[in-house]
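Trainee: sequence plus predicted model, see below.
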Amino acid sequence: MSAPGAADVHASTTGLPPSHRVVSAVGALLVLLLTACADPMDDTAGPGEAADNPLGSEEPDPARDTLIAEVETLVGLLVTARDRLGAASGAEDLAPARTAADEAIEVLIGEPDASPAVFPVQTPERGAGSDREDQLTAVLTIAREAGGTAGGDVREALRDLVAGDLGSWQRDADGMVELVEATADPSVPLEDLEVDVFELPGEATRALAWALLTRDAGDLGRATAYAERGAAHLDVAVTALSELDLEAS
């Protein structure tokens, strides 16, 4: 229904007493003013929506934040191991090369009672808790809890470019360590070792084999060659995890 015009107002008030005509005219003018100033209705947002949900706002996700922190810790361990193998590859004497390789091994698998490492060094007993959770297990656990794109991307990176066979590392860590140790045979020629080590699952697993070979090398030339290959594998793993855009997932 359209708002009354000036002519309508005049017509509707001419038959009234003067005092009544003044009151009616004022009322009609108020109607006209209110109609002209009213804002068009916007039914695209509910009451308070703009204040409650400003542009660019996002609900915090504690599980994703924890996942990001755990992945950063894993990357830090892999970088440390890579840098130690890098130092071994540039060593000018066999003893420091082997020492640096041993430090890289400590970061990758460590000892049962040592500080957390990348991989579990032994299979946990069924039902038994552990004060030493390896970082691979920590990241996998929170990735499953976080779910979504972020959790899936992390699990895929761990499976394809870091640890390889996640199930074996979780259920039979002893067997995985034994497999890597059997592969890391310094009596095998380098060209054959490259084939054997590449058949191991995961870049960090392969790096562990090269680190063991570096530690047990009989001469500097072989030690530096082993260490250089191990550092290269870890660099691939670090890059894969660092390129994950978990903030946007």
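Mentor: Now that the structure is in, tell me what you want to look at.
Trainee: give me the residues contacting the host helix or strand of Leu136.
Mentor: In this structure, Leu136 sits in helix 135-146 according to DSSP states H and E. Contact with helix 135-146 is made by 61, 63-64, 66-67, 70-71, 73-74, 77, 116-120, 150-152, 154-155, 158, 162-163, 166, 169-170, as judged by CB atoms under 8 Å, 6 or more residues apart in numbering. No exception for glycine: its C-beta is placed from N, CA and C like everyone else's.
Trainee: give me the distance from stretch 67-75 to the chain's centre.
Mentor: From the chain centre to the centre of stretch 67-75 is a distance of 7 Å (CA atoms, centre = their mean, to the nearest Å).
Trainee: for stretch 90-107, same thing?
Mentor: That offset, for stretch 90-107, works out to 30 Å (CA atoms, centre = their mean).
Trainee: for the protein, which helix is longest?
Mentor: Scanning the chain for the longest helix, with DSSP state H as the assignment, gives helix 62-89.
Trainee: give me the helices and strands touching that one, please.
Mentor: With contacts taken as 3 or more CB pairs under 8 Å, 6 or more residues apart in numbering; DSSP states H and E, helix 62-89 sits against helix 94-108, helix 135-146, helix 148-157, helix 203-215, helix 220-242.
Trainee: what sits against Ala173?
Mentor: For Ala173, the contacting residues are Phe119, Pro120, Val121, Gln122, Thr123, Pro124, by CB under 8 Å, 6+ apart.
Trainee: typo on my end, Ala163
Mentor: Taking CB under 8 Å, 6+ apart, we find Ala163 in contact with Phe119, Leu136, Trp169, Pro201, Gly202, Ala204, Thr205.
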